[in-house]
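>>> Mind looking at a prediction? Sequence and model below.
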Amino acid sequence: MTGTGPGTAGGAPARNLYVYNGGFLTNDRVRRILTCAGYDLRLGIPRKDDLIAVWGKSPTAPRGEAMAARTGARIVRVEDAFLRSVRPGRAGDPPLGLLIDPTGIHFDGSAPSLIEEIIRTNPLDDTAVLSRARDGIARLKHLHLSKYNGFDPDLEVPAPGYVLVVDQTRNDASIRHGGASAATFREMLVIAQEEHPGARIVIKSHPEAVAGHRLGHYTDGHAHGRITVLRDPVSPWALLDGAIAVYTVSSQMGFEAILAGHRPRVFGQPFYAGWGLTQDENPVARRQKRLTRAQLFAAAMILAPAWYDRARDRLTTFEGAVDQLEAEVRAFRDDRRGHVAVGMRLWKRAHLQRAFGRERRLVFIDDPGRAAARAHRDGRDILVWAGQEGETLRQAAGATPVRRVEDGFLRSRGLGADLVPPLALVADRAGIYYDPSRPSDLERLIAAGPLPGGEARAERLLRRLTETGVSKYNLAAADLPELPKGRRILVPGQVEDDASVRLGAGRERTNLALLERVREENPKAVILYKPHPDVEAGLRPGHLPEAEALRLADAFVAQADPVRLTEAADEVWTITSGLGFEALIRGKPVVTLGMPFYAGWGLTEDLFPQPERRGRATLLALVHAALIAYPRYVDPLTGLPCPVEVIVDRLAGGEIPAPGPANRLLSKLQGVFASQSWLWR
């Protein structure tokens, strides 16, 4: 569900939408959202039953209004939705969604708007929608997402106990059409001081005023005595957490104040005023309905906007929009300081640049000392391929943050050893998921459990993975041979020098020892042995001749589809193989002989002691952490940060560009130098 109004065009014929503002034609994103929402943008003179689009109450709006008066065509006012982008539009970021309003415009209190009509006509009592709204509120707070997101959630805000006064840019349309003026801001500051004698007053400057694009109503000259002006790019949610009262004219931050649990004092007539959730200085008489926070959020964020999915080029739900914004904001926040990359093989560098270098290009330096010095000098973090981190780098880094990079668990359509670049990467600040000797970010995420709405998202993801058969490598595979009857145990072979085996194995550290243990513990079972694809390709060590494997196993199932094999098995026994995780998410019992990241949480039978710091977790918590919260994904088609759901669709649909000829040639050379894997790993 994307909305109740223009955002739900469905299969209806496109409506003619005439425009007289060049921005509708030159802004590709705005034009595309309108097209997806069922509008055919046109130039010329409309008929009476056509529509005319104007941008809010902008200076160009009178052109369309005059044409509407002349022809009788109806006006549709268009504005950005309340989650827009990382940076403002002035910085070039396109909008994530639009409010396409045939009734009015949300910031003009003199007349109804689409949001107000939804509130008036919709009982807003749908349990599912209200549950989505509550999850959405909690998710925005947890992720520190707002309309613009070029702020730093880690920046400190003033000590709690202040009165928050929210500034806005001068001559903003929401002020002019909300029954307010510059004098209103002067009055608001005086009243805030009078109503809270002795309390600290914090004035939050508008981001565009801080950036110098526009002027605000308050300047540094207003800071005196108990009044301070806060210009730092702090999280609005963190700032609201410390406030004892909030004063605003019509800022979106007033809406967020409601969601954060405040009853803000409102001096204008924004869409969120008049519903019993604010203290209104300038009330709108026609607004009489009383709402809960969830009902207001449902109307403004779930039902009214047309949200856009940039990866799939279609309209999406509020949740889909947040998924995309979360991916983009995470990349921005992680990478804006920039990184110095250490221990990165040449073939990986272009993809790493695309994944981590969107804000500031990566600097590749192989020498740990020089890399640490450069990072310290430039204020950058250090990225190191997890297997290349050593004591020299740890000592040289000192207090400089180090992030350990590895492939994620939905990696690609093809092998890393074949130089197929990953679609998923992790950058772990604490450790790395395959090293059980120390905590990792993944462990922390599993232990914390899913964020609000995360369980439902993980459940949808599980269902999609099961339906599509998507797994880590997604290789072309032969049909399953006829398998022996009986209690089938799938035993996935592993790369014997893999870091997960070196660091996380128990007593069994080779594929032969693994098979021997499984047969010893299960003398009557049907054992299916599946060699690791890198080993099958002759690229990594761990080869176990078929004849030797069949002394212990009942079937040697090389090149078979691992997902179908898992589904055909009754259980999986492994040291640390990722196939154990694949089996878990497909509902199969898993027995571990080592310490993989998915063991020790009460979800597997573990025959080797697990780290004591791991506790109990649900399967959905594991899936959310491992596939949603821990990795970062890059869409192979757009090259943009994206959520996991896009990657699953790309893998399922085969929408993955093939490696170029240079990659294929280098991959062939690896077969010759397989024993020298350090050259290309």
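Perfect, thanks for sending it.

>>> Now do the strands in the stretch 51-200 of the chain.
51-55, 74-80, 97-101, 162-166 (DSSP state E, counting those that start in this stretch).

>>> quick check: angle from the longest one to strand 51-55?
It stands for strand 74-80. Inter-element angle recorded for strand 74-80 and strand 51-55: 30 degrees (by axes from the mean of the first three to the mean of the last three CA atoms, to 10 degrees).

>>> would TSV of the strands of the stretch 51-200 of the chain with mean neighbour count be doable?
In this view, the C-beta of every residue, glycine as well, is placed from N, C-alpha and C. Listed next are those as TSV, based on neighbours: other CB atoms under 10 Å:
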stretch	mean neighbour count
strand 51-55	22
strand 74-80	22
strand 97-101	26
strand 162-166	25
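
>>> looking at it, Asp28 is touching Leu41, isn't it?
No. Asp28 lies out of contact with Leu41 (CB atoms under 8 Å); the separation is 11.7 Å.

>>> The two: which has the busier surroundings?
Leu41 (16 against 9; other CB atoms under 10 Å).

>>> coming back round to it: out of the strands of the stretch 51-200 of the chain, flag the one nearest Ser471.
strand 97-101 (32.9 Å; CB to CB).

>>> what mean pLDDT does that closest one have?
Throughout strand 97-101, pLDDT has a mean value of 98.

>>> Can you give the contact residues for that strand?
Residues outside strand 97-101 that contact it (CB atoms under 8 Å, 6 or more residues apart in numbering) are 5-7, 30, 33-34, 37, 39, 76-81, 83-84, 105-106, 113-115, 304-308, 321.

>>> Would you mind putting the CA coordinates of it into PDB?
Extracted in PDB, the C-alpha atoms of strand 97-101 (Å, rounded to 0.1, in the frame of the first residue of the first chain):
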ATOM      1  CA  GLY A  97       8.900  10.500  -2.400                       C
ATOM      2  CA  LEU A  98       6.300  13.100  -3.200                       C
ATOM      3  CA  LEU A  99       3.100  14.400  -1.800                       C
ATOM      4  CA  ILE A 100       0.900  14.800  -4.900                       C
ATOM      5  CA  ASP A 101      -2.000  16.700  -3.500                       C
END
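
>>> that older thread, which among the strands of the stretch 51-200 of the chain is found nearest to Ala617?
strand 97-101 (34.1 Å).

>>> mind listing what the closest one pairs with, with the direction of each?
Strand pairing for strand 97-101, determined by DSSP bridges: strand 74-80 (antiparallel), strand 306-309 (antiparallel).

>>> Dump these into JSON lines; add mean pLDDT as well.
Output for those, formatted as JSON lines (pLDDT from 0 to 100):
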{"stretch": "strand 74-80", "mean pLDDT": "97"}
{"stretch": "strand 306-309", "mean pLDDT": "98"}
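
>>> Throw those strands into a markdown table and include distance to Lys348, thanks.
Formatted as a markdown table, the strands paired with strand 97-101 follow (distance: least, CB to CB, whole Å):
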| stretch | distance to Lys348 |
| --- | --- |
| strand 74-80 | 38 |
| strand 306-309 | 29 |
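
>>> Which of the ones you listed sits closest to Gly89?
strand 74-80 (7.4 Å).

>>> which outside residues touch the closest one?
Residues contacting strand 74-80 (CB under 8 Å, 6+ apart): 6, 17, 24, 30, 34, 51-57, 61, 64-65, 68, 89, 95, 97-102, 104-107, 147.

>>> now with 7 Å?
Strand 74-80 is contacted by residues 17, 51-56, 64-65, 68, 95, 98-102, 104-106 when judged by CB atoms under 7 Å, 6 or more residues apart in numbering.

>>> try stretch 356-371
By CB under 7 Å, 6+ apart, stretch 356-371 touches 331-332, 335-336, 338-342, 344, 349, 352-353, 374, 382-383, 392-393, 396.

>>> Just the mean pLDDT for that stretch, thanks.
96.

>>> Send me it as PDB with only the CA atoms.
Included here for stretch 356-371 are C-alpha records, laid out as PDB according to Å, rounded to 0.1, in the frame of the first residue of the first chain:
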ATOM      1  CA  PHE A 356      33.100   2.700   0.300                       C
ATOM      2  CA  GLY A 357      34.300   5.700  -1.800                       C
ATOM      3  CA  ARG A 358      31.100   7.600  -2.700                       C
ATOM      4  CA  GLU A 359      31.700  10.400  -0.200                       C
ATOM      5  CA  ARG A 360      35.500  10.600  -0.300                       C
ATOM      6  CA  ARG A 361      37.500   8.400  -2.600                       C
ATOM      7  CA  LEU A 362      39.500   5.600  -1.000                       C
ATOM      8  CA  VAL A 363      43.200   6.000  -0.600                       C
ATOM      9  CA  PHE A 364      45.000   2.600  -1.100                       C
ATOM     10  CA  ILE A 365      48.300   2.200   0.800                       C
ATOM     11  CA  ASP A 366      49.800  -1.200   1.400                       C
ATOM     12  CA  ASP A 367      52.300  -0.300   4.000                       C
ATOM     13  CA  PRO A 368      50.600  -0.400   7.400                       C
ATOM     14  CA  GLY A 369      52.700   2.400   8.900                       C
ATOM     15  CA  ARG A 370      52.200   4.800   6.000                       C
ATOM     16  CA  ALA A 371      48.500   3.900   5.900                       C
END
